[in-house]
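> Predicted model, plus sequence, below.
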Amino acid sequence: MAWQPEENGLRQILQLLKESQSPDNATQRAVQQKLEELNKFPDFNNYLIFVLTKLKNEDDPTRSLSGLILKNNVRAHFEKFPAEVSSFIKQECLNSIGDPSPLIRATIGILITTIVAKGDLRNWPELLPALCQCLDSEDYNVCEGAFGALQKICEDSAEALDNDPSRPLNILIPKFLQFFKQQSPKIRSHAIACNLFYLASDDDTEVRKNVCRALVMLVEVRMDRLMPHINSIIEYMMMRTTDDDDTVALEACEYWLSLAEQPICKEVLTPHIEKLVPILVKGMKYSEIDIILLKGDVEDDEMVPDKESDIKPRFHRARSHNQKHQGEGGDGDGEGDSDDDGMDDDDSLSDWNLRKCSAAALDVLANVFREDILPVLLPILKEILFHANWEIKESGILVLGAIAEGCMNGMIPHLPELIPYLITCLADKKALVRSITCWTLSRYAHWVVGQPHEQYLKPLMTELLKRVLDANKRVQEAACSAFATLEEEACTELVPYLGFILETLVFAFSKYQHKNLLILYDAIGTLADSVGHHLNKPEYVSMLMPPLIEKWNVLKDEDKDLFPLLECLSSVATALQSGFLPYCEPVYRRCVSLVEQTLGQNLASMQSPDQFDPPDKDFMIVALDLLSGLAEGLNQQIETLVANSDILKLLYQCMQDPMPEVRQSSFALLGDLTKACFQHVKQCIGDFMPILGHNLNPEYISVCNNATWAIGEISIKMGPDMKEYVPVVLGNLIEIINRPNTPKTLLENTAITIGRLGLVCPAEVAPNLQQCTSLRNIRDNEEKDSAFRGVCHMISVNPGGVVQDFIFFCDAVASWVHPKQDLKEMFYKILHGFKDQVGEDNWKKFSDQFPVPLRERLAHHYAVCGVFWVDKLYIWAGGGRELSIQPFWARGRAGRLRAGKGGRGTGGRASVYALGNPGIAAVTIIIQIALLSVCSSSGRRKMLASVLNISNTSKQSTISYLFAVRHQKLELLNTVLVEIPIKV
């Protein structure tokens, strides 16, 4: 017998459902608490499905609400439902799929797809056959309800459908095709499958939208089904991208974004690219309604206060400790970074519109086609970029920005002409032109910074700063964001202009309304990150700090504008170092207070949830991050503040918070406090280390990254006393470094921390020497230094442990640019020890596997890799004649020096090759000598000659040369590589 509810229980649940629709917050909280209590009873969910499907005399909103509560329960703990409850819910869903009410049918469809998402299609094998059978029903409601459910399943569980061994799409797609000519527009809209271009000319807008939406979905999950018809589909989607209805055009434009992700994109689109590119360019032009909504005719609005609804919510990104890489100015692998595409200059329109989608599509296609798209695009650009109509000109500037990333190499020859033109566009009379120009110039900032500053950087910076003070708020915003990008690219190149930059940014405090003020904080924080300690000059500090502290004092603790201000102050405090001292105490105490308040509110909410709402933990996160900035900037000078506060007790609680971002910022602060004032941290190490070990979980990358870094900092301070904690953390660290697909930043921090543990506890860590590969790309710094010292210590304890990976150790050693002398001697000792241990022949076989650049670096710096080492080297230029330079210095070619025949001591002609342009100064001459076959290859050999004094009438500079002795009968036995001074 089917389950039946008790009358009394059913009445109570109906009453709760009606009360939950009350606008009164207290009533809603009471209902929520009762619902949570009812969830403890297994058959509560039976009551909910009963109300949804059986009580047709109740109003639809109440029935639908019952279904939505059930959906939330399914999502939260469906796996805990008793089998009989799960079966009852599934059966009732199928029995009521054709409910007369569209709202109830839609709710049942949502419930079905939620069950599928939780339990997998294989756990409900009767579902798809039953829904397919319903499609054949004469009852419109049953057919539409089944289609609605299937559409939701296709949208939410596309991957499950595609991967199901029974291949349900092979049955569903032909089934859907039967309904293409169905009389009902609703049914036609649901009938999604391949060959949808049959409906290309359907008069109903909803049908065309759903056709486009379906094709986008099929590109993502079943591209193979589209391939037989791909050219027709592309033609159809190009036609729909120019549809008179913008909502249809937007759905169609999404197709190009999805297609660009497919490996076959370039192949299938190449025949159509000449037609597609102009369509996308046309879609990037503002429509008349766009301009009206954007108030494009309003130029000066800086005095108009912002509406609070115009200000998007801001979410703080917790602090993460990343390694800097060779030749990079940014953080690690950018994990967590968000690259603003800058196409949200029309943010008062909908979040996503045809203009943005067209620009994004051109962007991704430029990344697919690279320079191959330019022959189509450049003629269009030449026509629209200089157009008299400002709307067309504006779209051309947007196009130029959209292709910047994908087509940069192809655009470089045109940039000397385009960049000055764009800089003039910053002064255009139309605000929308000025704002988009700011963004486009920011996309080429990397190229600008690499050119002569007088030619491009200074003019760009000057005009961009004028736009920071523009009378139009939209331009202010775009200029501020663009200048922040320029700051990131230029870094310390901006130091000579800091005074001018700060004057402008500080003046903006007095001009900006609420929204742009938040963006200004970001620009100032980015400037501090980019120029670092160069900001710590009295004149700069006195200019910058008063307006920031004024804002700091005005904002209340519960004001979310604190988020960007605290982020800004964190960067400023780190950069100013001792320059922040006059402001540090009140800032420090308020941050500690924010952490304490948030923890207190969280405890109250947990103990009495009906009386206290949970706190916004972002306040605590930004406070922890600012404390990190203070610790990093002030270093030991923060000690007194730490000693007179409860920060370490609070930190202990934060480190155990269930919210990952709180733990992430906590571990960053712990690492910075360890570096700044370890005497206070040390007393808590026994409590902290188990928590750190527990958080070495790469499922939470940023948390794990910061915990790993903090362990490394603690190891350096603890020294041999770290021994008792090695077992707590080492196993997890080794697991992370051996884990496939570990993000680069986490891998590097883990390698450094294992190296640091090996430095202080080599015997305990020595059996684990796999981390060398992760250390090679890190920029020379103290962390890398201590990690490599640890590796060297571990090798001395366990030489056999590195044998299998010795090539990676060699590669990592060669990555150093300027190792400290004692560290370099450690490397030398290990390399030569290994070479002596394996013998000359084995070493040659081994080193011959090295890439040529690696062999050369090791030979030059450590005299290994086939080098025949001599105590002294003398070269006698044949007959005592002076060497002369032949007069050719072509780009990329070597200048050549010739000696006379029969040079004494060599028996052959000598040739000297310049390494690079002779105008570049160097302090040594590098000499390679191919030894004669008659020479013995064993032992050390002294050779005679004289130090070269080379004259060059056209170049009086020190030049680096490669010297090679040649003879027609020479046989290469070894190479001599030494350094001697040369005077030119």
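That came through, no problem.
> Packing partners of the longest helix along the chain?
In the chain, taking DSSP state H as the definition, the longest helix is helix 581-607. Under the contact criterion of 3 or more Cβ pairs under 8 Å, 6 or more residues apart in numbering; DSSP states H and E, helix 581-607 touches helix 538-554, helix 562-576, helix 618-634, helix 639-643, helix 647-654. C-beta: built from backbone N, CA, C; applies to glycine.
> For it, list every residue counted as buried.
Neighbour counts over helix 581-607 (16 or more other Cβ atoms under 10 Å) mark 583-584, 587-588, 590-592, 594-599, 601-602 as buried.
> go on, stretch 727-746?
728-730, 732-734, 736-737, 742-746.
> got it, and stretch 382-398?
Across stretch 382-398, burial judged by 16+ other Cβ under 10 Å covers 384, 385, 391, 392, 393, 394, 395, 396, 397, 398.
> swap in stretch 445-453?
For stretch 445-453, a neighbour-count test (16+ other Cβ under 10 Å) marks 445, 447, 448, 449, 453 as buried.
> which among the buried residues of stretch 382-398 gets closest to residue 223?
Closest approach between those and residue 223, by Cβ to Cβ: residue 398, at 29.8 Å.
> quick one: contacts for the closest one?
Residues near residue 398 by Cβ atoms under 8 Å, 6 or more residues apart in numbering: 284, 343, 355, 359, 436, 440.
> Just the closest of these to residue 100, please.
residue 355 (42.1 Å).
> Quick check, pLDDT for that closest one.
Residue 355 is assigned 90 on the pLDDT scale.
> What number of residues are in the vicinity of it?
Using other Cβ atoms under 10 Å, residue 355 has 23 neighbouring residues.
> Kindly provide the distance from it to residue 633.
The gap separating residue 355 from residue 633 is 43 Å, by Cβ to Cβ, to the nearest Å.
> cool, residue 109 as well?
For residue 109, the distance to residue 633 - Cβ to Cβ - is 56 Å.
> Looking at the two, which is more packed in?
Neighbour tally, residue 109 and residue 633, criterion other Cβ under 10 Å: the higher count belongs to residue 633, 27 against 24.
> Would you mind listing the buried residues in the one helix or strand residue 477 maps to?
Per DSSP states H and E, residue 477 falls inside helix 473-490. For helix 473-490, burial by neighbour count (16+ other Cβ under 10 Å) applies to 473-490.
> Same question for stretch 82-97.
For stretch 82-97, the neighbour count (16+ other Cβ under 10 Å) marks 85, 86, 88, 89, 90, 92, 93, 94, 96, 97 as buried.
> CA atoms only: put it into CSV for me.
C-alpha atoms of stretch 82-97 as CSV (Å, rounded to 0.1, in the frame of the first residue of the first chain):
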residue,chain,number,x,y,z
PRO,A,82,15.9,5.9,3.3
ALA,A,83,15.4,3.8,0.2
GLU,A,84,11.6,3.7,0.5
VAL,A,85,11.5,7.5,0.8
SER,A,86,13.7,8.0,-2.3
SER,A,87,11.6,5.5,-4.3
PHE,A,88,8.4,7.2,-3.2
ILE,A,89,9.6,10.6,-4.3
LYS,A,90,10.9,9.4,-7.7
GLN,A,91,7.6,7.6,-8.4
GLU,A,92,5.5,10.6,-7.5
CYS,A,93,7.6,12.9,-9.7
LEU,A,94,6.9,10.6,-12.7
ASN,A,95,3.2,10.2,-11.9
SER,A,96,2.7,14.0,-11.7
ILE,A,97,4.9,15.1,-14.6
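> now it: how far from the chain's centre is it?
Computed by Cα atoms, centre = their mean, to the nearest Å, the separation of stretch 82-97 from the middle of its chain amounts to 44 Å.
> any residues touching that stretch, and which ones?
With contact meaning Cβ under 8 Å, 6+ apart, stretch 82-97 is reached by 2-3, 42-43, 45-46, 49-50, 52-54, 70, 74, 78, 81, 104-105, 108-109, 111-112, 115, 119, 124, 126-127, 130-131, 134, 142, 145-146, 149.
> List buried residues within these.
Buried by 16+ other Cβ under 10 Å: 43, 45-46, 49-50, 52-54, 70, 74, 78, 81, 104-105, 108-109, 111-112, 115, 119, 124, 127, 130-131, 134, 142, 145-146, 149, out of these.
> Give me the mean pLDDT for stretch 389-401.
For stretch 389-401, the mean per-residue pLDDT is 94.
> Verify the stated contact: residue 598 with residue 614.
No. In this structure residue 598 lies outside contact range of residue 614 using Cβ atoms under 8 Å: 10.0 Å.
> returning to that earlier point: from the helices and strands packed on helix 581-607, which stretch is densest packed?
helix 618-634 (a mean of 27; mean count of other Cβ atoms under 10 Å).
> Go ahead and confirm residue 761 touches residue 718.
No. Judged on Cβ under 8 Å, residue 761 makes no contact with residue 718 at a distance of 9.2 Å.
> which residues touch residue 648?
Taking Cβ under 8 Å, 6+ apart, we find residue 648 in contact with 642, 673, 680, 681, 684.
> tally of neighbours for residue 840?
Residue 840, neighbours per other Cβ under 10 Å, totals 13.
> what's it sitting at in phi/psi?
Residue 840 adopts backbone torsions of phi -60, psi -40, taken as degrees, to the nearest 10.
> Which pLDDT value belongs to it?
For residue 840, the model assigns a pLDDT of 80.
> go on, the one 3 residues further on?
According to the predicted model, the pLDDT of residue 843 comes to 81.
> now do the one 10 residues further on
On the pLDDT scale, residue 853 is placed at 82.
> counting contacts, what elements does whichever helix or strand it is part of pack onto?
Counting by DSSP H and E, the element that carries residue 853 is helix 852-862. Helix 852-862 is packed against helix 806-814, helix 821-838, strand 975-980, with contacts defined by 3+ Cβ pairs under 8 Å, 6+ apart.
> Name the residues of that helix that come out as buried.
For helix 852-862, using 16+ other Cβ under 10 Å, the buried residues are 854, 855, 857, 858, 859, 860, 861, 862.
> do the same with stretch 217-230
Applying a neighbour-count criterion of 16+ other Cβ under 10 Å, one finds 217, 218, 219, 221, 222, 223, 225, 226, 230 buried in stretch 217-230.
> what mean pLDDT does the helix or strand containing the second one have?
Yep, that's residue 218 we're talking about. Residue 218 is located in helix 205-221, with elements delineated by DSSP H and E. Averaged across helix 205-221, the pLDDT comes to 80.
> what do you get for stretch 446-460?
Here the average pLDDT along stretch 446-460 is 93.
> how long is that stretch end to end?
One end of stretch 446-460 sits 12 Å from the other (Cα to Cα, to the nearest Å).
> follow-up on the earlier one: just the CA trace of the helix holding residue 853, in CSV.
Extracted C-alpha coordinates of helix 852-862, given in CSV (Å, rounded to 0.1, in the frame of the first residue of the first chain):
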residue,chain,number,x,y,z
VAL,A,852,73.3,22.6,-24.7
PRO,A,853,72.5,25.7,-22.6
LEU,A,854,72.6,23.6,-19.4
ARG,A,855,76.0,22.2,-20.3
GLU,A,856,77.3,25.6,-21.1
ARG,A,857,76.1,27.2,-17.8
LEU,A,858,77.6,24.3,-15.7
ALA,A,859,80.8,24.5,-17.7
HIS,A,860,81.1,28.2,-17.3
HIS,A,861,80.2,28.5,-13.6
TYR,A,862,81.3,25.1,-12.2
